[in-house]
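Novice: What shape does this take:
(one chain, ligands or ions: 2)
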Amino acid sequence: MKVYHFDFRCYRRRFLQPLVTSHGMWHSREGIIIHLGDPRGSYGRGEIAPISWFGSETLKQALDFCCKLPREITEEVIFSIPDSLPACQFAFESALSGMGKWPVREDSFPLFPSSSPPDAESLTYTGLLPAGKAALNQWKTLWKRGYRTFKWKIGVDGTTKELEIFELLTRSLPPAAKLRLDANAGLSYEEAKFWLEICDHVQTNVEFIEQPLPVQKFSEMLELSANFKTAIALDESVATLTQLQDCFEKGWRGIFVIKPGIAGSPSRLRQFCQQHKIDAVFSSVFETSVGRQAALQLAAELSRSNRSVGFGMNNSLESAEHSLFKC
Ligand SMILES: O=C(O)CCC(=O)C1=CC=C[C@@H](O)[C@@H]1C(=O)O
Ligand SMILES: [Mg+2]
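Specialist: Residues are numbered from 1 along each chain as shown. Ligands and ions are numbered 1, 2, ... in the order given. This is a model prediction of the structure:
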């Protein structure tokens, strides 16, 4: 059985502007870059970028797992990482499948790749707008950079204030623009109905409302998805492969937001998406280009519709280059 040398480093990158969602304010993205090397000098890298409030493991759980692993590991160890560690499953399997595809080893630990995978060139990207009225100016900057799909967080400032901004935003967006509203599970049932009603009658193309209700309100979201023209996309409800399978089995046939970085095993995710031909929107976990490359490769392979991918904001965080440290 092949044996790989295993090593890892932690990183911490600040958001240039804290990310404000109904979950709260997110100031820094922390994660782990893993390195697998083989005796011939080939190596692969992966990234553990958990989002525990979405249902993945915590960074501490991932770090404990890495610290307990021996420095020499086999494929058997990699494919037996438990489903309770989905971000670890993603990282180790990505590193294994990337063996030998990385440039000749640099002296420093991992240099972060600057390019996206070739297959990802066919993808279009979503621009993430800041919550609140800052969105009214920010969309123009992103439009000039070529974005045509925008995502705006709601469930942060209250419906009255957000509706005011929404009306100004939809009146200023060009007809070719698409808008996604992401509530991060922060609306009540009545507020969700209200937003769906508004979106059904507004001129701008509202592509979908993302996770309007908490994960526990699955049947309410299933009912709402049948009663409005505006689509609903599940995100927090389908964050891990286990949750994704569960929502599919309970009858969800709407849009699934897939964050490969926390979904779990890429091979099992690929098998599920190909078998069930789901309407998937691929989304970032604000990972570095190490995890982003692996996630975009999956998005390019598995995106069946022309929905843009939520990986537009790699400039939302400070550079990864000097963020690494031994942990
Ligand atoms: O999906 C996108 O367009 C960008 C990524 C994004 O919005 C998110 C990434 C990670 C956690 C959340 O704050 C947020 C989301 O809810 O989708
Ligand atoms: Mg979301």
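Novice: what does the stretch 101-250 of the chain have sitting close to ligand 1?
Specialist: Contact residues, the stretch 101-250 of the chain versus ligand 1 (CB under 6 Å from any ligand atom): 126, 128, 151, 182, 184, 235. Glycine gets a C-beta too; all of them are placed from N, C-alpha and C.
Novice: can you redo those as a markdown table with distance to His322 and pLDDT?
Specialist: Below are those laid out as a markdown table (distance: CB to CB, whole Å; pLDDT from 0 to 100):
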| residue | distance to His322 | pLDDT |
| --- | --- | --- |
| Thr126 | 28 | 96 |
| Leu128 | 24 | 94 |
| Lys151 | 29 | 97 |
| Asp182 | 31 | 97 |
| Asn184 | 30 | 96 |
| Asp235 | 31 | 98 |
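Novice: nearest to Phe282, of those residues?
Specialist: Thr126 (9.9 Å; CB to CB).
Novice: Surely the closest one forms part of a strand?
Specialist: Yes: Thr126: assigned to a strand according to DSSP: H, G, I helix; E, B strand; the rest coil.
Novice: Now for whatever residue of the chain ends up closest to ligand 1: which residues touch it?
Specialist: In the chain, no residue comes nearer to ligand 1 than Gly310, which is 2.3 Å away by CB to the nearest ligand atom. Contacts for Gly310 (CB atoms under 8 Å, 6 or more residues apart in numbering) come out as 125-126, 128, 151, 257, 281-284.
Novice: can we see that at 10 Å?
Specialist: 125-128, 149, 151, 180, 182, 210, 235, 257-259, 281-285, 299 (CB atoms under 10 Å, 6 or more residues apart in numbering).
Novice: on that earlier part again, redo the residues of the stretch 101-250 of the chain next to ligand 1 as TSV? Include neighbour count and distance to ligand 2.
Specialist: Converted to TSV, those look like this (neighbours: other CB atoms under 10 Å; distance: CB to the ion, whole Å):
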residue	neighbour count	distance to ligand 2
Thr126	26	11
Leu128	25	10
Lys151	24	8
Asp182	27	4
Asn184	22	6
Asp235	22	4
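Novice: Identify the farthest-apart pair in those residues.
Specialist: Within those, Thr126 and Asn184 form the most distant pair, 15.4 Å apart (CB to CB).
Novice: isn't Ala226 right up against Glu220?
Specialist: No: with contact defined as CB atoms under 10 Å, Ala226 does not count as touching Glu220 (11.2 Å).
Novice: which of those two has more neighbours?
Specialist: The residue with more neighbours, out of Ala226 and Glu220, is Glu220; 15 against 8, by other CB atoms under 10 Å.
Novice: Show the pLDDT at the more buried one.
Specialist: In this model, Glu220 is scored at 98, pLDDT.
Novice: What about it? Give its phi and psi, please.
Specialist: phi -70, psi -40 (degrees, to the nearest 10).
Novice: now, which of the residues of the stretch 101-250 of the chain next to ligand 1 sits nearest Val20?
Specialist: Lowest distance from Val20 to those (CB to CB) belongs to Asn184, with 10.0 Å.
Novice: contacting residues for that closest one?
Specialist: So Asn184 contacts 21-24, 53-54, 131, 153-156, 210-212, 214, 235-236 (CB under 10 Å, 6+ apart).
Novice: which strands and helices sit next to the helix or strand encompassing Asp246?
Specialist: Per DSSP states H and E, Asp246 falls inside helix 241-249. If you count contacts as 3 or more CB pairs under 10 Å, 6 or more residues apart in numbering; DSSP states H and E, helix 241-249 packs onto helix 86-97, helix 218-227, strand 231-234, strand 255-258, helix 260-263, helix 266-276.
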